[in-house]
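Undergrad: I would like the atomic coordinates for the input below:
(chains A and B)
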Amino acid sequence: MSKAESQNVLYRSLEELEDTPEFQEFLTREFPEGAENAPDGMTRRRWVQLMGASAVLAGVSGCRFENRKITPYAFRPEDRVPGETRTFATTIEWAGNVRPLFVTSYDARPIKADGSPIHPATAMIRKDGSATRLGASDAITQACVLDLYDPDRSRGCLEKVDRDYVERSWDDFAAAAASLGFQGDGAGVVVLAEPTTSRTVSGLKKKMLSSMPAAQWFEYAPINSDNEVAGLKAAFGKSLRPHYDLSKAEVVVCLDADPLVDHPDALKIARGWSKSRVPDDAVEEHRQISRLYSVESQFTVTGANADHRWPVKSSHIAAFASSLKEKVVAANKAGKPVEVSGSAAEKRMAILANELMFGISGTGNSHGRCVVLAGASQPAAVHQLVAFINEAIGSTLVEYTEIEESSSSLQSIGQAVEAIRAGAKALLIIGGNPVYDAPADLGFESAIEGVAHKVHFSMSRNETTDRCDWHLNQAHPMEVWSDSVAYDGSHCLGQPMIAPLFDAKSTAELLSLLLGGTGEGSELVRSAFASLDDSAWSQLVHDGFVSGSAAKPVKLQGAKEPAKPSMAWGAEDDRIEVVFRTGNLYDGRLANNGWMQEVPDSVTKVTWDNPAVMNPKTAKAIGAKQNEKVKIEVGGRTIEAPVFIQPGQADNSISIAIGYGRKKVGYIGGSIEKKIDPVGVDVGPLRNSAGWNIVEDAKPDGTGSRHRLSSTQDHHVIDVTGKKAIGDRYNQLIFEGTFDHFEHFAEDHHLFSGHDEKGHDENGHDEHGHDEHGHDEHGHDEHGHDEHGHDEHHHWPGYKHLHFDNIDPIPRSWKYSEDYKWGMTIDLTRCTGCSACVVACQAENNIAVVGKDEVARGRELHWMRIDRYLSANSTYANSGRILDDPEPRVRTQPVTCHHCENAPCEQVCPVAATVHSNEGLNDMVYNRCIGTRYCGNNCPYKVRRFNYLNYSDATTFVKYPWADKLSQDDLGLKGLANNPEVTIRSRGVMEKCTYCVQRIQNGKIGAKAAGRELGSNEITTACQDCCPTEAIQFGNLADPDARVAKASGDVRSYIMLEELNIGQRTRYLAKVTNPNKDWPVFVLKDGEKAESSYGKVFEAPHHAQPAKKQDHEEEAKKEVSKA
Amino acid sequence: MATDAGSPKYNDFLFPAWVNKMVILGLASAGLIGGYVATIGFFATHPTVINVGHMPEQPVPFSHALHAGKLKLDCRYCHNTVEKAAHAAIPPSATCGNCHGGKDRVKEGASLAAVHLKSEKLAPLRTSLETGNPVEWLRVHEVPGFVYFNHSAHVTQGVSCVECHGRIDKMEVVYQAKKLSMKWCLDCHRNPDEAIRPVGEVTNLGWNPDEKEMARIYRDEFAKAFDQLAGPEGLAYFKNAAEAEKAESFPHRDERQQDRFASRVFGEVDSIGSAAAADRDDNGRITLEEASAYLKEHLPSPTRKDLGGMLRAAKNIDPKQNCSTCHR
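TA: Numbers count the residues shown, from 1 in each chain, chains lettered A, B, ... in the order given. A predicted model of the protein is given here:
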């Protein structure tokens, strides 16, 4: 961390800055006040009833001779071993967005979804050519398996008779289809479908339209890339799709874009970006790590990871891009950098143009390694500008492939509504939920009222189903055969891993039925791959995609310049914009998914809500306060949303996530008929065809009514009070420094062979591929910290390991295993804070969902949390105006159990429920735990979680929406999602990260039974598997070939709170950033806002201990003289 | 108050004096009854009482005594996943159908053995084969849900079925023979030597070699292990940690394993070491001849414990006693 940012500057929330009583509570008490209180709404009578019931049940279950059945297969399929997991390749498609998956199935029941390790979109191939065990995935991928076991899923087809729904079979529908109007030439038939890339479905669609020529077919999805396609079409005259490869990037400029998370190809982009950020590789290859600029209104994950983030209103991005284009063109024409002068904004613009044109130094040659990206919510003109700029700077990081021509979703739904109003007789809605998410100005709901026959095909009854006469049951993608085309154009296959749980069909089967056929899903899909012979088909079923079928990039030239936008860059604009963003719930289809509702937003850390996010200045102007509601009016329609104040949001900009406020989805997301309040606010009323992504002129107004947000940002704060007493020597949790500093450090300490050879080897670059060996050659031991009392290893940035040779506080009567020492490393340079690991951990370890009120009490059970810190620069901090810094910086840090060798939690457990294993695991024995919570109080990392209620079976808790409402069958269905390898914890039990001990045990047993050694990197944790940037490494520290051993011996590795001397097994790798020293930043001078260059405000990092200070000053001097 | 004492009103409210004796008596009897209940409770819920002997009646009276005992079917003919999975799966009906099915329902037209085809006792099996629905067997051995037991981890390392299930091959109706309690598991995990036998004998439930036979098995197994571990190069043997330290770096995993084996078989006593030291040639390793000669002399009649210990050292079988060994 920089000197200018003292420890006081790091803050997590407004509450921390204001030091509110609530924050003090979270800080000083491990368990907030009232955490042990009975849930509201529980009467003594009810409690006594439950206790009575439990006592009776205890008596029953205590009896041993309850006969339990074992029902083996009558005919066991070949190779099927009961109780062993199997993995299948498949895909899941959401409205044209395709995810290639490997799904783990336990006794024929899918329990975990991961990215495909072989499909190029998700495969993680390392520099040495090896691949990760499973492919990358995001939080949504991890959570999709929960939808399969959603108790609110539809159980079959329904027909509305009078006002009630009556159960119907598919045969009933087939018989009724003709009378509903699906017959003859299809006159009056309107089909509104979700867009799909399935060739099976489009084949059937063509068939249907040829047999019913008068029928009309429209496609609509609320989340789409239409603006991008339109922009590229305007630029090149073709329907195109861009593919970004950031692995060789030098400078990346994002215009209101979040390519690291919110992009159809986000996993590949994130992986590429992280590769360009690895400092070791950069030093060896004699290049800098990439530099990321983000120009955006709302804080996105990409913005949080940017080296420089520039808050600009989303509605100003078009003007911004146009101005940037002019500067780039000017620089291009002149053949030299444009002059950096004028106001801060002008200087910044010139810096951006110069770096895009001439590379990271701003004067050299970029070799096409710079790129600009625009977000999907930006209008087509911005995408056209971006394409133009990318061509002007000769970017090689973006390639385009051609895609099929299609009309845009907004246009299409408009035409659909017109067609309906023009007198449609039969309406078939395939998937989606247009009553909830169609543009408000179209009046979709009222338009369809006049249609005589309305049929809705969906997985569960939603807002649209309620307005239709027939509900047809759609199968979950893991239940049926399907095909799709991935983002890269490759042909993918989806296969069923379980027969449909309820009487459900796939889209292809539905269309086949309407055409009078009885096509089986497998046959229909097979016919779409008719060109494949049987062995190629088997290969396809095995791999999940046809290898080599990806679309070939097209060569394009002469991007057309767009017309100048009406607004000039820098124009005064007092209007307040509202920006709609894709949040955790996607387009709302995940509203009933408890995992996605409860995973904290990456930046705001809010759960179970979609607040209106604005910065302190805007909030003050409109009279809005944190935890109060604000009324937002657009064109006469209003919504009321809770306010979340987020420093760093652009002035006069409000952002709010879509997909919330569902009124008819189920026990989790809200349901009017079940008397469960919607979660969050439906922003639908504000979204018009004209202002679909961005509303430029909204009228917000504070209402003063309270609304408590459940944000986890203050939960589990690492206590700084104690640290103050130790002194300010070890005050940092996150270590970071600049790449320049790292480079000098590497050179001074001869870290990489590359640097030595540079002097001797004239051939230069060829031989720098062996960073791992580099260390050894120079006598640095990479994995021996614990064995060697004094290691002379240097650590960056300026960090020395502390050694406590004579202090081993706990004499042990046992020995550590020589064979296995489990440990983990988390690379903060790679981590983007996307939260995929949080959901992966939840899926793997049966972590319960607790609900909004319980989260507000600090009772969330996530074993892994991602701490998010904000910081203002010191000039603002010192004058007590932290919130006024318009450009706070964000750091994220995943924290989970550190498996300390002298674990503080173990020493205070009165019943030995948490004890150490000889392989270094901090074991948790749930059946011994009596729930004193001493361990949680004594954990310095605050990673232990307590089951205040019996969240897992949902019968005894009252506040949580499912309480007492689910039938035993529904509970059983929910239970199918559980991982049988992990114990289900019940009430009164502590739990925490186990390093996925079930995987360790099964891995070891598997190797032992097969009579072989356990592979160096064979065992992986769930969080490690899903990470799109490979930030997490896990394995055996005693095995020198293990990646984790190498990573923990890295110069950047450090231990969080090492001074506690508790032998932490988890290490972090310090964060390396690559800021531009000349970038103007805002500072406070004499209480007034002024500008200064980044290099002046933020100096070289100082992590040294006071005792070593002198050395470091000398070192710093040396560096200065070198520089 | 003193003025009230003795007044009729006061005496009415008080308990009579003899109640005091009753109180003591009551407390004493409550204590006795409590103790009785506790004692009974303790013994009544003891695993030996509550679990051992559990013998549910199965839908098909399958006799292990007949099949595994008399007919000598190998356990793994039916429980065929036992070596590769956590569960020693109950066989599918199709396995029974191989002898009792008459016709093959997987391969059409093929016929199978037709033993007791008409037997009434086999009716549920025939129904299962006809309908494809499972036979509903009843569970005999069960550990609590929070305990994770893995068959393959035990069977592949030479722990016989008999150690946990008793003489199944003599049971007409299967019952739980052992306690399967935590202490019972740990007893063996702490002292595993006697429970380990050559892997080939794992399903031989009656395996009980006499002294001579044991000596032969021991030498055979030793030679096999020696060959696998050390090969013609001989065995590395660091008698103590200091010696190991002296070796240039910490010994490699393979050498550590050889050392473990050698010190287990030869003990810390250095007779083999010094014997070998005399002719310790270039590499200071022990050859198979030296080792065999030593064993013949010093261990003329090895016991089961010796055999188990040797096998354990040879294969680095190290039963863990961590909590996470069984609890996850």
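Undergrad: leaving out chain neighbours, which residue sits closest to B:Arg260?
TA: Among residues not flanking B:Arg260 along the chain, B:Ala313 sits closest, at 5.6 Å (C-beta to C-beta, 6 or more residues apart in numbering or on different chains). (Each C-beta comes from the backbone N, C-alpha and C, glycine too.)
Undergrad: secondary structure class for the one you found?
TA: Under DSSP: H, G, I helix; E, B strand; the rest coil, the three-state class of B:Ala313 is helix.
Undergrad: ok, it - contacts?
TA: The contact partners of B:Ala313, taken as C-beta atoms under 8 Å, 6 or more residues apart in numbering or on different chains, are B:260-261, B:263-265.
Undergrad: quick check on A:Leu428: phi, psi?
TA: Note on A:Leu428: its backbone torsions stand at phi -110, psi 120 [degrees, to the nearest 10].
Undergrad: my read: it touches A:Ser458, true?
TA: No: if you go by C-beta atoms under 8 Å, A:Leu428 and A:Ser458 don't touch, sitting 11.7 Å apart.
Undergrad: more neighbours: which of these two?
TA: More crowded of A:Leu428 and A:Ser458, by other C-beta atoms under 10 Å in any protein chain shown: A:Leu428, with 27 against 22.
Undergrad: that one bridge partners, please.
TA: A:Leu428 has these beta-bridge partners by DSSP bridges: A:Val191, A:Val455.
Undergrad: and the pLDDT for it?
TA: Per-residue pLDDT puts A:Leu428 at 94.
Undergrad: neighbours around the residue of the stretch 201-328 of chain B found nearest chain A, how many?
TA: Closest to chain A within the stretch 201-328 of chain B is B:Asn322: 3.5 Å, counting by C-beta to the nearest C-beta. B:Asn322 has 19 neighbours, counted by other C-beta under 10 Å.
Undergrad: now it: how far from A:Gly115?
TA: In this structure, B:Asn322 and A:Gly115 are 32 Å apart, going by C-beta to C-beta, to the nearest Å.
Undergrad: tell me which parts of the stretch 101-250 of chain B are close to chain A?
TA: Contact residues (C-beta under 8 Å from any C-beta of the partner chain) of the stretch 101-250 of chain B with chain A: B:105-106, B:128-129, B:131-139, B:142, B:144-146, B:148, B:150, B:152-153, B:156-157.
Undergrad: mind checking which of those residues land in strands?
TA: Judged by DSSP state E, these include B:137-138 as members of strands.
Undergrad: now list the buried members of the residues of the stretch 101-250 of chain B next to chain A.
TA: Listed as buried from those are B:105, B:128-129, B:134-135, B:137, B:142, B:146, B:148, B:150, B:152-153, B:156-157; burial here means 16 or more other C-beta atoms under 10 Å in any protein chain shown.
Undergrad: number of residues surrounding the residue of the stretch 301-450 of chain A found nearest chain B?
TA: Nearest residue of the stretch 301-450 of chain A to chain B (C-beta to the nearest C-beta) works out as A:Val301 at 32.4 Å. Neighbours of A:Val301 under the rule other C-beta under 10 Å: 24.
Undergrad: these two touch, right, it and A:Cys834?
TA: Yes: assessed by C-beta under 8 Å, A:Val301 is found in contact with A:Cys834 at 5.6 Å.
Undergrad: shared neighbours, those two?
TA: The contact sets of A:Val301 and A:Cys834 overlap at A:260-261, A:602 (C-beta under 8 Å, 6+ apart).
Undergrad: which of those residues lies closest to A:Glu284?
TA: Of all those, A:Leu260 has the smallest distance to A:Glu284: 24.6 Å, by C-beta to C-beta.
Undergrad: check which helix or strand covers that closest one.
TA: Take DSSP states H and E as the rule and A:Leu260 turns out to sit in neither a helix nor a strand.
Undergrad: am I right that it is in contact with A:Ala306?
TA: No: judged on C-beta under 8 Å, A:Leu260 makes no contact with A:Ala306 at a distance of 9.9 Å.
Undergrad: compare neighbour counts for the two and give me the winner.
TA: Taking other C-beta under 10 Å, A:Leu260 and A:Ala306 do not tie; A:Leu260 has more neighbours (31 against 24).
Undergrad: residues contacting the closest residue to A:Asn332 other than its chain neighbours?
TA: Once flanking residues are discounted, A:Asn332 sits nearest to A:Ala392: 5.6 Å by C-beta to C-beta, 6+ apart. If you count contacts by C-beta under 8 Å, 6+ apart, A:Ala392 has them with A:325, A:328-329, A:332, A:357.
Undergrad: let's see 7 Å
TA: A:328-329, A:332 (C-beta atoms under 7 Å, 6 or more residues apart in numbering or on different chains).
Undergrad: so which of the residues you listed wins on neighbours?
TA: Going by other C-beta under 10 Å, A:Val328 tops those with 24 neighbours.
Undergrad: now that one: how far from A:His383?
TA: According to C-beta to C-beta, A:Val328 and A:His383 sit 16 Å apart.
Undergrad: also A:Glu228?
TA: 5 Å.
Undergrad: those two: who's more crowded?
TA: A:His383 (28 against 24).
Undergrad: does the more buried one touch A:Ser225 like I think?
TA: No: using C-beta atoms under 7 Å as the test, A:His383 is too far from A:Ser225 to be in contact (9.3 Å).
Undergrad: how about stretch B:94-108: buried residues?
TA: By neighbour count on 16+ other C-beta under 10 Å, the buried set for stretch B:94-108 is B:94-97, B:99-102, B:105.
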